[in-house]
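Enquirer: Requesting a structural model of the entry that follows:
(one chain, ligands or ions: 2)
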Amino acid sequence: MKPANCAYCGDLQDMPFECNYCKDPFCAEHRLPEEHRCVKLTLIRAKKFGQRGVIRDGDKKSGFFKKIFGRKK
Ligand SMILES: [Zn+2]
Ligand SMILES: [Zn+2]
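Expert: Numbers count the residues shown, from 1 in each chain. Ligands and ions are numbered 1, 2, ... in the order given. Predicted coordinates:
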């Protein structure tokens, strides 16, 4: 990654951390979603809260789409 300013505190980082969720650059202090009030934080919490259901649902959907796109190609 290129040097970038932390999207939360504005500190210039030579090796910024990229948030896995909002893809913004952050310093070591603010790299965690909880530390930079990540815009996806509500989604992350929702996933954690209903983790089993979400994972099962996601697996079914991805398999479903793979079948459809595989046939079209
Ligand atoms: Zn920061
Ligand atoms: Zn984030």
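Enquirer: Please make it C-alpha for all contacts and neighbour counts, starting now.
Expert: Noted.
Enquirer: Can you list the buried residues in the strand or helix carrying residue 46?
Expert: Assigned by DSSP states H and E, residue 46 belongs to helix 41-49. By 16 or more other Cα atoms under 10 Å, the buried positions in helix 41-49 come out as residue 41.
Enquirer: average pLDDT for that helix?
Expert: For helix 41-49, mean pLDDT rounds to 84.
Enquirer: anything in it near ligand 2?
Expert: No: under the criterion of Cα under 5 Å from the ion, helix 41-49 makes no contact with ligand 2; the nearest approach is 7.3 Å.
Enquirer: Alpha carbons of that helix, as CSV, please.
Expert: Provided in CSV are the C-alpha atoms of helix 41-49 (Å, rounded to 0.1, in the frame of the first residue of the first chain):
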residue,chain,number,x,y,z
LEU,A,41,-19.7,-1.6,12.1
THR,A,42,-23.4,-2.2,12.4
LEU,A,43,-23.2,-4.8,9.7
ILE,A,44,-20.3,-6.5,11.4
ARG,A,45,-22.2,-6.5,14.7
ALA,A,46,-25.3,-7.9,13.0
LYS,A,47,-23.2,-10.7,11.5
LYS,A,48,-21.6,-11.5,14.8
PHE,A,49,-24.9,-11.5,16.5
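Enquirer: where are the low-confidence patches of this structure?
Expert: 1, 51-73 (pLDDT under 70).
Enquirer: what residues are up against residue 6?
Expert: 12-13, 16, 24-27, 30 (Cα atoms under 8 Å, 6 or more residues apart in numbering).
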